[in-house]
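Provided below for reference: sequence and predicted model.
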Amino acid sequence: MTDYYLPTLGGVQTAIKAQREALTAAGHRVTIFAPLAEESADPDIVRLPSARGFAPDGYPFAWPLARIVAMLRAEFAGRGIDVVHVQTEMFAALAGIRAAREGGIPLVQTMHGRIDVYTRSVLPLPVLTVPLLARLHRRALGSVPEPLRDPSVPWARALGARRMWQVMVSQANAADRVIVPSAHFAAKLAGQGVTTPLTVLSNGLEESVVDAIGEPRARTLSPGSRLRVMWCGRVSPEKRPDVFVDAISRTSGVTAEMYGDGVARRSVVRRAHSLPTGHLTVHGGVPQERVLAAMREAHVFVSSSWDFDNQPMVLLEAIASGLPVIVADADLAESLPTGSFLIAPSPDAVGLSHALRALCENPGVVARMSTAAIAGRDDVRHASHTAALVGVYEGVAR
């Protein structure tokens with residue numbers, strides 16, 4: 001169950017696609033239920049009803065809830081679903097939870113990210129829509145909002161943030177098992193009151209993507225050559241693309257490429273046009289093949305996200321491509337091979353620019369980081385984690 005799926009772009013979509021491919025290869029049948037812009041030709045990708053004229057951040061919005069729950073009850077029974085795996089927190093997810101409960105089907109929930117930051121950045125008029133969303137979520141889940149254990153932490157002090165953390169905690173506690181792709185986010189969830197058993201289980205790349213990447217070559221940067229820098233993701237405020245653009249504007253000796261689409265794209269393009277020709281190119285949303293091709297040509301990948309992401313799939317793609325990584329958020333280094341990354345000295349544009357200049361001035365470091373990424377690339381394959389995922393399903397199905 002997901003509120004977002006292909007062809008829209010995003011880490012959740014990519015993670016689910018990888019899980020489906022790996023589980024299918026292992027002999028399991030996987031059906032994906034999601035709101036889609038149009039019907040899928042794949043009988044195991046089922047389109048859910050969605051709202052007309054309302055698509056926050058460009059994603060179809062699952063609605064109405066009662067109709068979706070009725071549809072899922074029939075689908076779950078007809079398909080003989082053994083486990084329901086919910087991967088988001090909006091109304092497709094809530095419908096899946098209710099239909100699973102009513103059908104007595106075990107429920108697994110993956111917590112992919114910080115919806116407190118996402119909703120603040122993406123929803124129109126968040127001062128009004130966040131409390132409305134929290135109220136609708138509470139009614140749909142049929143539970144009283146659980147008080148946070150520690151609302152004094154910086155990321156839960158604002159009222160809107162607390163409401164969204166209550167959403168995350170309540171939904172996690174409605175499941176039989178919770179999967180979290182990173183230890184840092186699992187610790188935050190447990191610290192705020194998630195009592196459902198938590199399993200930290202990394203996302204991974206499907207074999208078709210690893211095959212498409214092929215055997216990567218170690219990157220080399222010749223002295224005096226321009227450092228080729230890549231950014232890819234949802235061009236939305238929570239990903240801080242503006243910080244990346246600012247960092248590039250402060251850094252000489254680099255050529256940067258941005259890939260992705262989102263609500264902030266127009267402002268990013270406007271800012272890019274103010275830079276010298278060839279300094280920064282904004283490509284917009286492109287197929288995954290083009291992203292992987294761009295990774296093969298880049299010297300370094302930059303993640304400007306800070307205090308939001310859990311485990312960006314694009315970082316796993318970078319490692320599989322042998323591409324060194326610079327992160328603004330030290331937590332994101334958790335899933336990267338030792339020696340394959342740099343952590344910016346500060347999470348702002350100044351810190352990212354400092355890290356980029358360090359590579360320009362020490363080109364041999366690029367080769368060493370790339371070699372480390374290649375050495376650790378097997379760990380980002382989903383095949384390394386599929387047995388553990390199946391183990392979670394078997395545990396709740398007993």
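That came through, no problem. Residues are numbered from 1 along each chain as shown.

show me where the stretch 1-150 of the chain has helices.
Assigned by DSSP state H, counting those that start in this stretch, the helices in the stretch 1-150 of the chain fall at 11-25, 65-79, 91-103, 115-122, 126-141.

pLDDT (mean, whole number) over the third one?
Averaging pLDDT along helix 91-103 gives 96.

work out the gap between that helix and the centre of the chain.
The chain centre lies 22 Å from the centre of helix 91-103; the measure is C-alpha atoms, centre = their mean, to the nearest Å.

repeat that for the fourth one.
With C-alpha atoms, centre = their mean as the basis, helix 115-122 stands 13 Å off its chain's centre.

what of the first one?
Averaging C-alpha coordinates over helix 11-25 and over its chain gives two centres that are 13 Å apart (C-alpha atoms, centre = their mean).

kindly report the same for the last one.
A distance of 22 Å separates the C-alpha centroid of helix 126-141 from that of its chain, computed with C-alpha atoms, centre = their mean.

quick one on the thing from earlier: wait, which of the helices of the stretch 1-150 of the chain is closest to residue 295?
For residue 295, the closest of the helices of the stretch 1-150 of the chain is helix 11-25, at 13.8 Å, according to C-beta to C-beta. From N, CA and C alone the C-beta is placed, and that goes for glycine too.

if we can go back for a sec, output the helices of the stretch 1-150 of the chain as CSV; include the columns mean neighbour count and distance to residue 233.
CSV is the format used below for the helices of the stretch 1-150 of the chain (neighbours: other C-beta atoms under 10 Å; distance: least, C-beta to C-beta, whole Å):
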stretch, mean neighbour count, distance to residue 233
helix 11-25, 21, 8
helix 65-79, 15, 29
helix 91-103, 23, 22
helix 115-122, 21, 13
helix 126-141, 16, 21
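
so which of the ones you listed comes closest to residue 217?
Comparing the helices of the stretch 1-150 of the chain by C-beta to C-beta, helix 11-25 comes nearest, at 23.7 Å.

before we move on, the earlier item: turn the helices of the stretch 1-150 of the chain into CSV, including distance to residue 351.
Output for the helices of the stretch 1-150 of the chain, formatted as CSV (distance: least, C-beta to C-beta, whole Å):
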stretch, distance to residue 351
helix 11-25, 23
helix 65-79, 43
helix 91-103, 35
helix 115-122, 19
helix 126-141, 27
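
so what are the domain limits for this protein?
For the chain, the domain assignment from automatic domain parsing gives the residue ranges 11-204+382-397, 207-380.

mind putting these into a markdown table with distance to residue 5?
Below are those laid out as a markdown table (distance: least, C-beta to C-beta, whole Å):
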| stretch | distance to residue 5 |
| --- | --- |
| domain 11-204+382-397 | 4 |
| domain 207-380 | 14 |
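
on that earlier part again, looking at the helices of the stretch 1-150 of the chain, which is nearest to residue 282?
In terms of C-beta to C-beta, the element of those nearest to residue 282 is helix 115-122, at 19.0 Å.

to residue 269, which of the helices of the stretch 1-150 of the chain lies closest?
Short answer: helix 115-122, nearest of the helices of the stretch 1-150 of the chain by C-beta to C-beta, at 18.4 Å.

that older thread, residue 176: which of the helices of the stretch 1-150 of the chain is closest?
helix 91-103 (9.3 Å).

follow-up on the earlier one: for residue 383, which of the helices of the stretch 1-150 of the chain is the nearest?
Of the helices of the stretch 1-150 of the chain, nearest to residue 383 by C-beta to C-beta is helix 11-25, at 6.3 Å.
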